[in-house]
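Chemist: Structure for this input, please:
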Amino acid sequence: MSEIDLTAALTRLEAAMGALRGRLRERLSVSSTDLTVLQFVARAAAAERQVRVKDLVSHLGLTSPAVTGTVDRLERAGHLCRVPNPDDGRSRFIELTPETQRAYAAAMDSTNEHLHEL
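Modeler: Residues are numbered from 1 along each chain as shown. Down below sits the predicted model:
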């Protein structure tokens, strides 16, 4: 594969990823930052890892109050829920709601089909 072919393939991949984020933002009615949070939580769940606010703080590079506000907003919108941490009664894990899991999975399925075409 030549450098030009590789550049073209990367450009198509970048466009597909941008389209995915656009579809997800539209389908879930969220901002770009909110989507980044939802994607992080979804990827963690796929890897069977639990997410806490401090994990999001580290990932996003934002302050704890800013992340807490984002999580609060996404929880009120029905995208996230907080569940008890069985090992620490003071902390909570953050998960996607079942409805958001379904919408996210549907958007990812259609994108995976599109990526295979690239």
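Chemist: hey, let's count contacts and neighbours off CA atoms from now on
Modeler: Fine.
Chemist: Using PDB, list the CA coordinates for the lengthiest strand in the chain.
Modeler: Across the chain, the longest stretch assigned as strand under DSSP state E is strand 88-96. Written as PDB, here are the backbone C-alpha positions of strand 88-96 (Å, rounded to 0.1, in the frame of the first residue of the first chain):
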ATOM      1  CA  ASP A  88     -17.400   0.900  49.200                       C
ATOM      2  CA  GLY A  89     -20.800   2.100  50.300                       C
ATOM      3  CA  ARG A  90     -19.800   5.700  49.800                       C
ATOM      4  CA  SER A  91     -19.000   5.400  46.100                       C
ATOM      5  CA  ARG A  92     -21.200   4.700  43.100                       C
ATOM      6  CA  PHE A  93     -20.500   3.200  39.700                       C
ATOM      7  CA  ILE A  94     -21.800   4.800  36.500                       C
ATOM      8  CA  GLU A  95     -23.600   2.700  33.900                       C
ATOM      9  CA  LEU A  96     -25.500   3.300  30.700                       C
END
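Chemist: A106: what's it in contact with?
Modeler: The contact partners of A106, taken as Cα atoms under 8 Å, 6 or more residues apart in numbering, number zero.
Chemist: Quick one: list the elements packing against the top helix by length along the chain.
Modeler: In the chain, taking DSSP state H as the definition, the longest helix is helix 3-28. For helix 3-28, the elements it packs on are helix 32-46, helix 98-117, judged by 3 or more Cα pairs under 8 Å, 6 or more residues apart in numbering; DSSP states H and E.
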